[in-house]
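Engineer: predicted model and sequence follow; I will ask about them next.
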Amino acid sequence: MTYRRYRSLPPWRRALTFVALLVAAVAAAAAARADEPGGVHGPYSPERIAEEVTIGGTQVGGMTAEQAATAVNADFRRPIPVGLPVQTFYASPPSSGGVPLVAPAVEQAFAAEPGGQVPLKVLVDRPRLAAASTRFAAELTRPAVDAEVHLRGLRPVVRHERFGVEVKAGPLAHALRQALRSGSRDPVEVTHSTLVPTVMAKDLRTVVVIQRSANRLLLYAGKGKPSKLGVATGQPIYPTPLGQFTIVSKQLNPWWYPPNSDWAAGMSPIPPGPGNPLGTRWMGLSTPGVGIHGTPDAASIGYSASHGCIRMRIPDAEWLYERVSVGTPVFIVA
């Protein structure tokens, strides 16, 4: 109908014509919306899954195919928690190689009765899983850290050890594969090994501190005050080295062998017994040719008189020998 003809109609006919056109427009819009996901229900609405149907545990009842696929994919992408005793990380299922077969599961869901449970089959990309497991294992592995001791003033301060953890990629890949295929997002327990430090804080309860300028040895054994003993240290031409060392050897009634030095040229080894330059005890340090030992020359104690070693009175050296062990830290300070 042309506009000119519409204007020529009587008012009551124009009103009826307008209402008829409006009804036709509304009906056309409703039909168009019914073709869209989530559109109105009725004879023109898209097919929907029966009520209370699940796919791999995800509720998809009453959904269209597009809505169900979106919901299942979102649930599958939920990260997998992987737990260690003191740490949890989250693995992405797609990044770990999981490939859910969503389309076939949605087709089965349309054929399911109300309340039906449709499994979600998941394929696993093994190279991607292996790469992810190797990366995760490296990130989760922590080396053990030994206890350490340092000086604050003249007092030793101990930093405690830390146990480490080693995660193997193979067992981690197996655990992730099971989680991907089952759809479970419960925490995955990782098989791991505990790495034990070599040096524990209890190994550092005994510490020797030698003040070179004061010719004094301090023995710390626990939290009490240190025991103080006089020593002789190196002459200016043969100074006792400064630094942190450990006791690496202990000898009872040692032999003395001439060192490769000008001052000892032409000397012969001296067996244990009276007059041995090392006395009756030797505690070798982790620096060549230097140790703590007794001396028959008690008059040198309190002076810089040795060729680099730390001399002690023979009874003092025997007393110290019983209280230190291989591995005992020794600090020599100026």
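Structural biologist: Cool, the structure landed. Numbering: from 1, shown residues only.
Engineer: domain parsing for this protein?
Structural biologist: 1-46, 48-201, 205-333 (automatic domain parsing).
Engineer: mind listing the helices for the stretch 201-334 of the chain?
Structural biologist: Assigned by DSSP state H, counting those that start in this stretch, the stretch 201-334 of the chain shows helices spanning 314-321.
Engineer: returning to that earlier point: export the domains of the chain to TSV and tack on mean neighbour count?
Structural biologist: Every C-beta, even on glycine, is put in place using the N, C-alpha and C of the backbone. Listed next are the domains of the chain as TSV, based on neighbours: other CB atoms under 10 Å:
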stretch	mean neighbour count
domain 1-46	10
domain 48-201	16
domain 205-333	17
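Engineer: make JSON lines from those domains and add mean pLDDT to it.
Structural biologist: Shown next, in JSON lines, are the domains of the chain (pLDDT from 0 to 100):
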{"stretch": "domain 1-46", "mean pLDDT": "50"}
{"stretch": "domain 48-201", "mean pLDDT": "94"}
{"stretch": "domain 205-333", "mean pLDDT": "95"}
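Engineer: any idea how far Pro81 lies from Gly230?
Structural biologist: 63 Å (CB to CB, to the nearest Å).
Engineer: one more: Ser261?
Structural biologist: 25 Å.
Engineer: any idea which residue is closest to the centre of this structure?
Structural biologist: Arg142 (4.1 Å; CA atoms, centre = their mean).
Engineer: how far away is the nearest residue to Gly222 once chain neighbours are set aside from Ala221?
Structural biologist: Among residues not flanking Gly222 along the chain, Arg205 sits closest, at 5.7 Å (CB to CB, 6 or more residues apart in numbering). From Arg205 across to Ala221, the span is 7 Å (CB to CB).
Engineer: so the residue nearest to Gly222 sits right up against Val199, yeah?
Structural biologist: No - between Arg205 and Val199 there is no contact under CB atoms under 8 Å: 11.9 Å.
Engineer: coming back round to it: who touches the residue nearest to the centre of the chain in this structure?
Structural biologist: Gly164, Val165, Leu195 (CB atoms under 8 Å, 6 or more residues apart in numbering).
Engineer: pretty sure the first one sits against Val145.
Structural biologist: Okay, so that is Gly164. Yes - contact criterion CB under 8 Å: Gly164 and Val145 qualify, at 7.2 Å.
Engineer: give me the common contacts of these two.
Structural biologist: Pro197.
Engineer: outside of the longest strand along the chain, which residues touch it?
Structural biologist: Ordering each strand of the chain by length in residues (DSSP state E) puts strand 243-252 first. Strand 243-252 has contacts (CB under 8 Å, 6+ apart) with 150, 208, 280-287, 290-292, 321, 324-332.
Engineer: report the distance from it to the chain centre.
Structural biologist: 34 Å (CA atoms, centre = their mean, to the nearest Å).
Engineer: partner strands of it, parallel or antiparallel?
Structural biologist: Strand 243-252 pairs in its sheet with strand 281-285 (antiparallel), strand 329-333 (antiparallel), by DSSP bridges.
Engineer: distance to Gly97 for these - can I get that in CSV?
Structural biologist: Shown next, in CSV, are those (distance: least, CB to CB, whole Å):
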stretch, distance to Gly97
strand 281-285, 55
strand 329-333, 50
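Engineer: contacts only, for Val102.
Structural biologist: Ile55, Ala69, Val72, Asn73, Phe76, Leu120.
Engineer: kindly recompute the last result at 10 Å.
Structural biologist: Ile55, Gly56, Ala68, Ala69, Thr70, Ala71, Val72, Asn73, Phe76, Leu120, Lys121, Val122 (CB atoms under 10 Å, 6 or more residues apart in numbering).
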